[in-house]
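Novice: Got a predicted model here, sequence first, then my questions.
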Amino acid sequence: MAPRGVAYPRVVPFLSPLGLEVALARGVGGLSRRLRRGGGTTIPGKLVATLDPGAIDRLAARLPAGCIVVSATNGKTTSTAMAAEILRPLHRLAYNASGANLVSGVASALLAADGAELGLLEVDEGALPELLRRLRPRALCLGNLFRDQLDRYGELELVAELWRNAVDELPEASQLVFNADDPQLAAIGATQARSVAFGLDDPRVARPSLQHAADSKYCLTCGAPLEYAAAYVGHLGDFRCPNGHQSRPPLEVAAREVELEGLERAAFLLVTPEGERRVELSLPGLYNVYNALAAAALARAVGASLDEIASGLARFSAAFGRFERIEAGDKRILVLLIKNPAGANEAVRTLVDGGSPRVLIAALNDEIADGRDVSWIWDVDFEPLLPGLETLVASGGRGAELALRFRYGGLDEGSIDVESNLGAALDRGLELTPPGGELVVLPTYTAMLGLQRILTNRGLTKAYWS
């Protein structure tokens with residue numbers, strides 16, 4: 001539906017070359033689902049991009065309310081899903097809910113969204129420059145930049161430079177919404193006249209000091225170590241250069257009075273120029289406060305009111321695999337995605353705050369979507385989990401290396417089981433979990449997808465495209 005007071009023109013079906021391509025691609029996607037070869041979340045986009053490389057541009061241009069885009073290293077799937085929950089009552093959305101965020105996934109989302117008004121699209125960090133040129137979004141949210149998949153993306157500074165150049169080429173009417181607690185993004189935001197800065201403003205929930213695995217911790221002008229009045233997640237925080245070259249910009253949208261309650265919930269006061277609202281989340285962790293803040297700032301940029309933002313965030317439940325609780329008979333499985341040091345450290349922090357698990361499955365893969373280089377596990381602070389941990393089941397293609405990391409961290413060899421097969425690892429973990437207990441699983445991305453397939457085949461959850 002259109003926002004209050006706005007009437008969008010009805011799009012009349014037609015059989016132009018693009019219309020034929022759309023029909024063919026949708027048919028292929030439907031066939032993929034019927035044959036159980038996947039969710040049809042990328043194949044239609046790959047097909048239409050092959051038939052017509054300019055199709056994405058024209059599909060996006062047909063949306064009456066335009067497109068908005070979300071990108072980040074960590075949390076983009078959750079932030080986009082939160083924004084979708086806020087915006088669904090206001091617009092019919094073209095939204096890549098499955099998390100397929102490369103060019104093919106975005107094209108598939110645009111193809112599937114018959115009658116959509118507004119495109120809400122999660123975009124991969126590496127694909128962002130190309131898709132910004134093609135989508136020409138009315139608003140762009142940049143959530144964070146962390147070291148991730150160095151063999152695929154290269155060093156953090158390279159990604160930041162690509163983003164900076166892409167943002168500089170946005171249409172003049174586009175609005176940038178950015179996390180001002182990230183030094184790299186603050187520098188990008190400073191170049192945009194219509195940018196909106198968001199961030200945390202509650203030193204009570206800050207870490208005692210910057211973590212050793214923090215990435216962007218030096219001034220971009222002089223190279224001096226940044227000073228932090230508050231360090232929240234990785235290098236995100238209230239920073240300043242001691243020589244005065246760089247500092248966190250003033251926050252237009254802020255989270256204050258943050259409350260974290262273990263594994264159950266989080267809450268904060270959303271502060272904007274229009275007023276304040278208390279936001280209650282059914283998700284835990286400071287990183288989810290950041291995700292909610294990003295969604296709130298983006299939704300505000302396209303006209304959502306404070307009441308609509310607060311109620312949408314209150315309705316939200318976890319995005320696929322990001323904090324998912326699954327009933328398994330008289331036990332529960334808790335899935336927390338890990339994929340780089342910053343995100344894994346926050347998952348560990350949240351688990352420890354809620355009570356360290358007795359049994360833990362950690363699954364490490366090195367497929368293309370994970371990154372071939374798994375050396376990042378040595379920068380994760382797994383040690384806070386060890387005092388209460390009785391058994392680690394290390395799984396995945398690189399499970400043995402993960403087991404070695406925990407052994408070096410101080411976990412007794414007798415407490416470590418290595419089981420490369422994820423289904424067998426799940427069986428072992430459930431066997432060790434008492435009735436009424438919760439089994440924690442920390443998978444990397446492709447291991448998370450594999451776990452989802454196993455749970456779906458066992459009838460414990462639905463396929464993510466259902």
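Specialist: Perfect, thanks for sending it. Numbers count the residues shown, from 1 in each chain.

Novice: Let me see the contact set for residue 434.
Specialist: Residues near residue 434 by CB atoms under 8 Å, 6 or more residues apart in numbering: residue 331. Any C-beta I mention is one placed from the backbone N, CA and C, and that applies to glycine too.

Novice: Show me the contact partners of stretch 368-379.
Specialist: Applying CB under 8 Å, 6+ apart, the contact partners of stretch 368-379 are 147-152, 212-213, 339-341, 344, 364, 366, 398, 401-402, 405, 444-447.

Novice: quick one: that stretch to chain centroid distance?
Specialist: 17 Å (CA atoms, centre = their mean, to the nearest Å).

Novice: Over to stretch 413-427?
Specialist: Taking CA atoms, centre = their mean, one finds stretch 413-427 lying 28 Å from the centre of the chain it belongs to.

Novice: same question, stretch 364-383
Specialist: Worked out by CA atoms, centre = their mean, stretch 364-383 lies 17 Å from the chain centre.

Novice: mind checking the end-to-end distance for that stretch?
Specialist: Stretch 364-383 has an end-to-end distance of 17 Å (CA to CA, to the nearest Å).

Novice: Flag every buried residue along that stretch.
Specialist: Across stretch 364-383, burial judged by 16 or more other CB atoms under 10 Å covers 364-367, 370-371, 374, 376-377, 379-382.

Novice: Show me where the stretch 151-300 of the chain has its helices.
Specialist: In the stretch 151-300 of the chain, helices defined by DSSP state H, counting those that start in this stretch lie at 156-168, 183-189, 286-301, listed in chain order.

Novice: follow-up on the earlier one: show me which of the contacts of stretch 368-379 are buried.
Specialist: 147-150, 213, 339-341, 344, 364, 366, 398, 401-402, 405, 444-447.

Novice: who's in contact with residue 299?
Specialist: Taking CB under 8 Å, 6+ apart, one finds 83, 86-87, 308-309, 312 in contact with residue 299.

Novice: ok, which pair from these is furthest apart?
Specialist: Taking CB to CB as the measure, those span a maximum distance of 11.4 Å, between 83 and 308.

Novice: Which one of those two is surrounded by more residues?
Specialist: For residue 83 versus residue 308, the count of surrounding residues by other CB atoms under 10 Å is larger for residue 83: 31 against 17.

Novice: can you count the residues close to the residue nearest to the more buried one when sequence neighbours are not counted?
Specialist: Distance criterion CB to CB, 6 or more residues apart in numbering; nearest residue to residue 83, sequence neighbours excluded, is residue 295 at 4.2 Å. Residue 295 has 30 neighbours, counted by other CB under 10 Å.

Novice: I'd assumed residue 77 was in contact with residue 295.
Specialist: No. Counting by CB atoms under 8 Å, residue 295 stays clear of residue 77, with 11.3 Å between them.

Novice: nearest to residue 226, of the contacts of residue 299?
Specialist: Closest approach between the contacts of residue 299 and residue 226, by CB to CB: residue 83, at 29.6 Å.

Novice: Could you pull up the residues touching the closest one?
Specialist: 68, 70, 120, 141, 294-295, 298-299.

Novice: try residue 346
Specialist: For residue 346, the contacting residues are 74, 233-234, 285-287, by CB under 8 Å, 6+ apart.

Novice: quick revisit: mean pLDDT lowest for which of the helices of the stretch 151-300 of the chain?
Specialist: Per-stretch mean pLDDT for the helices of the stretch 151-300 of the chain is lowest at helix 156-168 (a mean of 93).

Novice: Show me what that one is packed up against.
Specialist: Packed against helix 156-168 by the contact rule (3 or more CB pairs under 8 Å, 6 or more residues apart in numbering; DSSP states H and E) you find helix 128-135, strand 139-142, helix 183-189.

Novice: deepest of the ones you listed, which one?
Specialist: Greatest average neighbour count among the helices and strands packed on helix 156-168 goes to strand 139-142 (a mean of 26), per mean count of other CB atoms under 10 Å.

Novice: which residues are in contact with that strand?
Specialist: Outside strand 139-142, the residues that touch it by CB under 8 Å, 6+ apart are 68-72, 79, 83, 132, 163, 167, 170, 174-179, 185, 188-189, 294-295, 297-298, 301-302.

Novice: Type out the ChimeraX command that picks the buried ones from those.
Specialist: To isolate the buried members of those in ChimeraX, using 16+ other CB under 10 Å:
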select :68,69,70,71,72,79,83,132,163,167,170,174,175,176,177,178,179,185,188,189,294,295,297,298,301,302
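
Novice: How much space separates residue 240 from residue 67?
Specialist: Taking CB to CB, to the nearest Å as the criterion, residue 240 is separated from residue 67 by 35 Å.

Novice: what's the span of stretch 82-99 from first residue to last?
Specialist: Span of stretch 82-99 from end to end, CA to CA: 13 Å.

Novice: and it, how far out from the chain's middle?
Specialist: In this view, stretch 82-99 has its centroid 15 Å away from the chain centroid, taken as CA atoms, centre = their mean.

Novice: got the buried residues for that stretch?
Specialist: Buried, per 16+ other CB under 10 Å, within stretch 82-99: 82-88, 90-99.

Novice: which stretches of the stretch 351-466 of the chain have low pLDDT?
Specialist: Confidence mapping of the stretch 351-466 of the chain against pLDDT under 70 gives the ranges 464-466.

Novice: Let's see that with 90 instead.
Specialist: 354-356, 368-372, 461-466 (pLDDT under 90).

Novice: Please name the nearest non-neighbouring residue to residue 345.
Specialist: Leaving out its chain neighbours, the residue that sits closest to residue 345 by CB to CB, 6+ apart is residue 381, at 5.4 Å.

Novice: nope, residue 190 is what I was after
Specialist: Leaving aside its chain neighbours, residue 190 sits nearest to residue 249 (6.7 Å; criterion: CB to CB, 6+ apart).

Novice: how many other residues sit next to residue 410?
Specialist: 10.

Novice: now the one 10 residues further on
Specialist: For residue 420, the neighbour count with other CB under 10 Å is 14.

Novice: Brilliant, that's me finished.
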